[in-house]
Structures are given as structure tokens and as C-alpha cells.
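Novice: just need the structure, nothing else, for what follows:
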Amino acid sequence: MGTSQGVGLPKDVFPIYLTTFIDMLGYTLLIPLLPALAKQYGAHDWMVGMLLSIPAFCATIAAPIWGKFSDTAGRKSIIIIAQLFTLAGYTMLAIAPSLFWIYISRLISGTGAGSLGAAESYIADVTEQKQRDRAYALYGAVFGSAFIVGPVAAGFLQKWGLQFPFFVAAGLEVINIGVTYWLLPWRTRERPEETSVQKSLEAALNPGVRLVLLRQFLFVFAVVYLLADFALYLDHVIHESIQRMSWLLAGAGVVGGATLLIAVTPLTKRFGDRIVGQFGFVLLFVAYALIYFVQSLEWFFPVLILWSAGAAMAEPTLMALLAKRAPESERGAIMGVSDSANSVALIIAPAIGTAIVGEQPRLIGVLPAIAVAAAWMLGRHYGRSQRAL
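Specialist: Alright, predicted model coming up:
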């Protein structure tokens, strides 16, 4: 296993960063454009919402299956097959003649999106335990950067028509398949251990693994809850323009990325994953509590900084904890279950958040504050039980 001396990570980990960035860039290109494309065909508001929920629903079902197959067939094979699903979905979306085919394309793309667990398992396969905090922090930074670049690029590309960016997304996925095929090693474990569905269920129900899965669900629910209704909240409370909202989201990405790259690794080396994750939940709780008092854009900046930094601390440490506690033979299945649970959060959080913002926007922070407080309490309980052993 070769190592890049600059960041102390094996060189085999960098192709998965590249493929993840290209994959997520293709996905984030679509986010600002799907509602406009659907309404072009006369879709109602609830139908537009379904375009965002359908892929998450498909990923919920597909993620454990992709993850389980990756434990036996190998990570690379499953990642490429899932990318082919994504390519088919993007191509169909680009040439869709009606709303029905747009829905079908989202169903296919969502099935392909369920392979993230295989990519996350690959990182654990090619890194040593002491490297994983850094590896997952960089993975989070790569993932987040696509959410900054994609929407900005979509605004530029739509000058050539609403469907042109979807052709670009399909082209990016073709490049991604080539990058995965040529740069990603075919095997990451020489002798896979015997595995079964029963063993995967037993591993997922292990108290340490189950606890991290629950905390991850609460974390994703809290973050997506605000992210999905970010523009709606700012429009209701401080009446900001879409352009300034985009810059705010980009700023949140920069703060989160800087936290991931600069702070997470040294802090986890000194205090450990659990403590850093706990501190991230504290920052998130404070951010959600302060949302109620926001009066202007200037008041919102401290909230945004705390929220971005807290999320950047919690996300990679939870992923690293899950990789450490999951048995190696079941790692893909466990990561798939994690992605499936996250997809459930992606389905329910935006719907609940939209309903609350519509009635009382200043209360948008209440439910996510409860969620991160619960995640913090679960982490504290596990820490106490471990020290008592």
C-alpha cells in the first residue's frame, strides 16, 4: 500500500475522492434546475417535491444491497455498476419528452446513488485505523465542495437551455466511469471473509454500531432539515435574494471545508473521534438555538459559521467511528445501512421543515436542535458505559 507523504494517506484513496467529486458534481448540477424543468411540463409543487424524494427513496432500498454486494463482489465492480445506473438516469433526463420520463430517470439515478456506502467502505479498506479520521475528513471536504461548484455551474450552463446541464451531467458520469475503471484498484482485500445477510444484520444490531447509525440519522436529519429549507427560511425572515442566498451557501461550504481540512484531524488525534463529534453537536445545537433570534443577514453569519463548523466536526468522526466498529467482512453492508438511514432522513426532513417554515419560520431550529441534543446524549451515554467497563 503506497503512501502519499504530503498528507499521510495511501495513494489508493485519492481515486475515490476524484470519482466521488465528479459523481456529486453531476448530481448537484441538477438541484437548481429540476423544479424549473418539471414546471415546464406543468407539474404542481408537490410533484416537484417528489422529484427530490424519489431518488432518496430508491437509495434507501438500494444502499444496503449495493453495500452487501460490495463485500463479496468487490467495491470497484459495484461502484462501476451503480455509475452505469446513474449515467442511464442522467441521459434519460436530458432527453425526457414528458414528466413521466423525468420521474423514471430520477428513479434510475436514485438506484445508482445508493452505492455511496461502497465508496465509504473502500476508504476504510485502504487506510489504517490511525489514518481514517484524515481520510474521512478529506472525503467530507470533497463531497461538500461539489455542493458549492455544482449549483454555480448550473446557473452558467442553463444559458444554453434547461436540459443542457443534464447532458453535461451525463458527460461527467462517462468520465467518472473511465476514472473509476482505470485508476481504482480492482481489489482492496486479498481474502474476503465469509459473509451472509444474517451476519450483516447481527453486525448492524451490535450496540456500538447501532448507536452510531442512530446518531448519524439524527445528524443528517438536523443538517438536511435546515439545508433543504435554507432559501425559504431566509426569504420569510430577512427577505434575501436568491443570489445572496447562493453566496451564503458557498460561504457555509468554505467554513465547513476549512474546518474539515485544518481542525478535525489534529483535534481527533488529541481528543479522539467521539469527543470531537460531541463538540460538533454542541456547536450545532447553539446554532439552531440562535436561529430564533436572527433579525438580519449580519445576525445570521454567526449562526452559519457555528452550523458549518459543527457539521464538519460531527460528520467525518461519525463515519470514522462506524468504520472502526463495523466488522471488516460486513463493512460494505453496514455503510450501506448507514446510507439507507441517511436517505430516510433526506425524505422526511425537507417535508417537515417546509411545513414549519410556512407556519412559523423562526421555529425552524426547534426540531433539529432536539435531534442534535439527542445525538449528543447518546454519545455521552456510550462514553460513560465504555469507561465503566
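
Novice: name the helices or strands packed onto the helix or strand harbouring residue 123?
Specialist: Counting by DSSP states H and E, the element that carries residue 123 is helix 116-126. Secondary-structure packing of helix 116-126 (3 or more C-beta pairs under 8 Å, 6 or more residues apart in numbering; DSSP states H and E): helix 14-30, helix 45-73, helix 75-95, helix 132-157, helix 297-325, helix 331-359. Every residue, glycine included, has its C-beta placed from N, CA and C.

Novice: can you put these in a markdown table and add mean pLDDT?
Specialist: Listed next are the helices and strands packed on helix 116-126 as a markdown table, based on pLDDT from 0 to 100:
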| stretch | mean pLDDT |
| --- | --- |
| helix 14-30 | 76 |
| helix 45-73 | 71 |
| helix 75-95 | 86 |
| helix 132-157 | 73 |
| helix 297-325 | 84 |
| helix 331-359 | 73 |
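
Novice: in what helix or strand does residue 236 lie?
Specialist: Following DSSP H and E, one finds residue 236 within helix 230-237.

Novice: touching, residue 259 and residue 309? I think so.
Specialist: Yes: counting by C-beta atoms under 8 Å, residue 259 touches residue 309, with 4.7 Å between them.

Novice: check the burial of the closest residue to residue 363 other than its chain neighbours by counting its neighbours.
Specialist: Spatial nearest neighbour of residue 363, excluding adjacent residues (C-beta to C-beta, 6 or more residues apart in numbering): residue 356 at 5.8 Å. Residue 356 sits with 18 neighbouring residues when counted by other C-beta atoms under 10 Å.

Novice: cool, residue 10 as well?
Specialist: There are 16 residues near residue 10, going by other C-beta under 10 Å.

Novice: same check, this time on residue 360
Specialist: Residues within reach of residue 360, counting by other C-beta under 10 Å, total 10.

Novice: for it, which residues are in contact?
Specialist: Contact partners of residue 360, counting by C-beta atoms under 8 Å, 6 or more residues apart in numbering, are absent.

Novice: for residue 277, see how far away it is.
Specialist: Distance, residue 360 to residue 277, by C-beta to C-beta, to the nearest Å: 31 Å.

Novice: what sits against residue 222?
Specialist: Residue 222 sits next to 284, 288, 349, 367-369, 371-372, 375 when contact means C-beta under 8 Å, 6+ apart.

Novice: burial count for residue 9?
Specialist: 22.

Novice: is it in contact with residue 138, as I believe?
Specialist: Yes: between residue 9 and residue 138 there is a contact under C-beta under 8 Å: 7.4 Å.

Novice: what helices or strands is whichever strand or helix holds residue 100 leaning on?
Specialist: For residue 100, the element it lies in under DSSP H and E is helix 99-113. The contact analysis (3+ C-beta pairs under 8 Å, 6+ apart) places helix 99-113 against helix 34-40, helix 45-73, helix 75-95.

Novice: minimum distance to residue 118: which of the ones you listed has it?
Specialist: Residue 118 lies closest to helix 45-73 among the helices and strands packed on helix 99-113, at 3.9 Å (C-beta to C-beta).

Novice: can you give me the neighbour number for residue 354?
Specialist: By other C-beta under 10 Å, neighbour count at residue 354 equals 18.

Novice: same question for the one 10 residues further on.
Specialist: Counted with other C-beta under 10 Å, the neighbours of residue 364 add up to 25.

Novice: which phi and psi does it have?
Specialist: The phi/psi pair for residue 364 (degrees, to the nearest 10) reads phi -60, psi -20.

Novice: from what I see, it and residue 233 are in contact.
Specialist: Yes: using C-beta under 8 Å, residue 364 is in contact with residue 233, at 5.3 Å.

Novice: common neighbours of these two, please.
Specialist: By C-beta under 8 Å, 6+ apart, residue 364 and residue 233 have these common neighbours: 226, 291, 357.

Novice: okay, these in TSV with distance to residue 98 and neighbour count next?
Specialist: Shown next, in TSV, are the shared contacts of residue 364 and residue 233 (distance: C-beta to C-beta, whole Å; neighbours: other C-beta atoms under 10 Å):
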residue	distance to residue 98	neighbour count
226	34	25
291	40	23
357	31	23
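
Novice: thanks a lot, catch you later.
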